[in-house]
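Colleague: fold the following and give me the result.
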Amino acid sequence: MEQELPSPDETVTKKYLRNYTEEGREKQKAHLNNIRQLAMQKKRELKEITLKSKLMKLEPKLDLAKQYDEYVNNKNQIPRQETEEQIVYTQKPKEKKKKIIYKEVEEEEEEEEIVYVKKNKPKSQESLERTLYKSSTEQLHLRAVEERIRHNFTSCYNALMPREY
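Modeller: Just a heads-up that it's a prediction; the model follows:
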């Protein structure tokens, strides 16, 4: 189970060579420039592909926009015939129900039937002054209640606080 480690003589030593000469540096620069150019070219191709895909997505929307513009232009050119025939919808007024009260009056000689027609009075709407008066009195009442509550809280709080004599 023991692993045998290679002896130091058997290990391969790697040498990292650096190009310190002018000729080596020029080769390295040319190689890096070549790699940069290839990378930029690949980047341009990818940009073109993404632009084309975006344009493909926009194409149906552009077609719809063109169709709408054509529709609006054609709509303005055609005179409207519907303006001559205007359709007006109105609501039928509700029939008012009348209460009929029959009262028989008995007299010695004749029997007469008297009919009283009682009309429902429309509910009187409150005037603006009345509604303002009601709302202001409600506000005053609420304010008074809040002041009482605030006074009670402060008096209870002051009663619980220790005093110095």
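Colleague: now the strands for this structure?
Modeller: Using DSSP state E, the strands found in the chain span residues 99-106, 111-118.
Colleague: quickly, which of those strands bottoms out on average pLDDT?
Modeller: Ranked by mean pLDDT, those bottom out at strand 99-106, which scores a mean of 61.
Colleague: so which helix or strand of the chain has the lowest pLDDT on average?
Modeller: strand 99-106 (a mean of 61; mean pLDDT, DSSP states H and E).
Colleague: where does pLDDT dip in the chain?
Modeller: 1-20, 76-89, 96, 98-115, 122-124 (pLDDT under 70).
Colleague: so which residues of it form helices?
Modeller: Ranges of helices within the chain are 22-77, 128-160, based on DSSP state H.
Colleague: CSV for the ones you listed, including mean neighbour count and distance to residue 117?
Modeller: Backbone N, C-alpha and C define where each C-beta goes, glycine included. Below are those laid out as CSV (neighbours: other Cβ atoms under 10 Å; distance: least, Cβ to Cβ, whole Å):
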stretch, mean neighbour count, distance to residue 117
helix 22-77, 10, 57
helix 128-160, 10, 31
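Colleague: looking at the ones you listed, which is nearest to residue 118?
Modeller: Among those, the nearest to residue 118 by Cβ to Cβ is helix 128-160 (26.8 Å).
Colleague: name the helices or strands packed onto that closest one?
Modeller: The helices and strands touching helix 128-160, judged by 3 or more Cβ pairs under 8 Å, 6 or more residues apart in numbering; DSSP states H and E, number zero.
Colleague: to residue 91, which of the helices of the chain lies closest?
Modeller: helix 128-160 (26.8 Å).
Colleague: picking that back up, format the helices of the chain as a markdown table; extra columns: distance to residue 93.
Modeller: As requested, the helices of the chain are exported to a markdown table (distance: least, Cβ to Cβ, whole Å):
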| stretch | distance to residue 93 |
| --- | --- |
| helix 22-77 | 38 |
| helix 128-160 | 26 |
